[in-house]
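In: please work out how this folds:
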Amino acid sequence: MQYRDLGNTGLRVSALGFGSMRLPMEGDHVKTKEAIDIIHRAFELGLNLIDSAVMYCNNESEITVGKALKGWRDKVVVSTKNNYRGIDPKEWRALLDQSLRRLDVGYIDIYNFHGLALEQFQKWKELTRSPIDEMKEAKEEGLIRHIGFSCHDTIQKT
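Out: Residues are numbered from 1 along each chain as shown. Prediction:
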């Protein structure tokens, strides 16, 4: 397996990561045993980066990944994300706490705002305390090691 430094995070990750958006499903539910077997095989082959999100697989991805992490947590970089669009930092924190419970971990290596749009970010800049402030505090508490975001916005000239 090939490994790369992940930016300036200090994390060394496999060139190929495991995305858990498309775990095997039966109807509306993850086939838990099959999914865990697949994830474990990926870990055995050297993949050490797994990515999930609150909403993947009908909200079951993080739970399944959490079960698969048993015995592997110290060898795997865990990334997950939420799709928070509100303005109340307490609501954002509730999503983080939910992810920590679902993954059954004490910290998340990379926690991402998913699909953050410029318009939302601009709204947050106007707040006295934004979800970004809450995220920074969670990082200081050791619940998040690295902060990230994804963006699916359009390019705008300002």
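
In: with adjacent residues omitted, what lies nearest to the spatially most central residue of the chain?
Out: In the chain, the residue lying closest to the centroid (CA atoms, centre = their mean) is residue 80, at 0.6 Å. Of all residues not flanking residue 80 in the chain, residue 52 sits nearest, at 4.5 Å (CB to CB, 6 or more residues apart in numbering). Yep, even glycine has a C-beta here, placed from its N, CA and C like the rest.

In: contacting residues for the one you found?
Out: Neighbouring residues of residue 52 by CB atoms under 8 Å, 6 or more residues apart in numbering: 20-21, 61-62, 65, 78-81, 103.

In: just the buried subset of those residues, please.
Out: Buried subset of those (neighbour count, 16 or more other CB atoms under 10 Å): 20, 61-62, 65, 78-81, 103.

In: what's in contact with stretch 12-23?
Out: 1-6, 30-31, 35, 38-39, 42, 46-53, 56-57, 60-61, 64-65, 77, 79.

In: can you do 6 Å?
Out: When contacts are defined by CB atoms under 6 Å, 6 or more residues apart in numbering, stretch 12-23 is touched by residues 1-6, 30, 35, 42, 46-52, 56-57, 61, 64-65, 77.

In: what of stretch 54-69?
Out: Contacts for stretch 54-69 (CB under 6 Å, 6+ apart): 20-21, 23, 28, 30, 32, 35-36, 39, 50, 52, 82, 99, 102-104.

In: least confident of these?
Out: Among those, residue 82 carries the lowest pLDDT, at 88.

In: now that residue, nearest residue through space, not along the chain?
Out: residue 95 (4.4 Å).

In: what sits up against the helix or strand harbouring that neighbour?
Out: Counting by DSSP states H and E, the element that carries residue 95 is helix 89-103. For helix 89-103, the external contacting residues (CB under 6 Å, 6+ apart) are 62-63, 66, 80, 82, 84, 129, 131, 134, 138.

In: just give me the least confident of those.
Out: residue 129 (69).

In: measure how buried the closest residue to residue 5 other than its chain neighbours is and give me the count.
Out: Counting by CB to CB, 6+ apart, residue 12 is the residue found nearest to residue 5 once chain neighbours are left out, at 5.9 Å. Neighbours of residue 12 under the rule other CB atoms under 10 Å: 12.

In: angles on the backbone of residue 12, please.
Out: Main-chain dihedrals, residue 12, degrees, to the nearest 10: phi -110, psi 120.
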